[in-house]
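Engineer: this is the structure alone, sequence omitted:
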């Protein structure tokens, strides 16, 4: 009977902590889904150093270097800093991104010393959205920020941390409470044995 009551108490406490774990996970999920946890990454360095951004899309960026030449870098594993004419047409934002699209990223602060910046977006209403931002810092380096959502990804990023927080909060609380009860029983039994030995002596 004692263990039944203790188990019920552990379950109740687990449910309480589980709720708070779910709320915390929801906050983390919102930050993850909005892009607030996404960090800026640095592209390979230009030999002559970058001066300004001439254009870009979610796939590539055109940059004018300190030597006056224009170079193209494909984001995501493509060729980087190939010579370009400067006349390449890169769509910074697809027409579908206009109006109340529904997905808007919260871009983290650009690298310190940013001298030039460009925002690019690609949208497929109701299905997917990609945003890639570029920045050139005063030391001639080029950075990019990438966030992509498609199909069920926004929902997954929101619910996964919340569910994980609930499950971990419940399991951890139940285990800890039961272990504490067991430790308490051992201490009580040890004290009784010591008292019994003392009385016999």
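Structural biologist: Thanks, I have the structure now. Since this is a predicted model, take the numbers as computed values, not measurements. Residues are numbered from 1 along each chain as shown.

Engineer: let me see the ranges of the strands in the chain.
Structural biologist: Assigned by DSSP state E, the chain shows strands spanning 41-42, 50-56, 60-65, 70-74, 80-84, 114-124, 128-137, 142-150.

Engineer: do you know which of those lies nearest residue 161?
Structural biologist: Among those, strand 142-150 comes nearest to residue 161, with 15.5 Å by C-beta to C-beta. C-beta: built from backbone N, CA, C; applies to glycine.

Engineer: report the buried residues of that closest one.
Structural biologist: 142, 143, 144, 145, 146, 147, 149 (16 or more other C-beta atoms under 10 Å).

Engineer: so what pLDDT did the first one get?
Structural biologist: Put plainly, it is residue 142. Listed pLDDT for residue 142 reads 93.

Engineer: what sits opposite it in the beta ladder?
Structural biologist: residue 136 (DSSP bridges).

Engineer: now do the contacts for it.
Structural biologist: Residues in contact with residue 142 (C-beta atoms under 8 Å, 6 or more residues apart in numbering) are 42, 43, 45, 46, 50, 61, 63, 73, 134, 135, 136.

Engineer: export the buried residues of strand 142-150 to a markdown table and tack on distance to residue 80?
Structural biologist: Output for the buried residues of strand 142-150, formatted as a markdown table (distance: C-beta to C-beta, whole Å):
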| residue | distance to residue 80 |
| --- | --- |
| 142 | 9 |
| 143 | 13 |
| 144 | 11 |
| 145 | 17 |
| 146 | 15 |
| 147 | 20 |
| 149 | 25 |
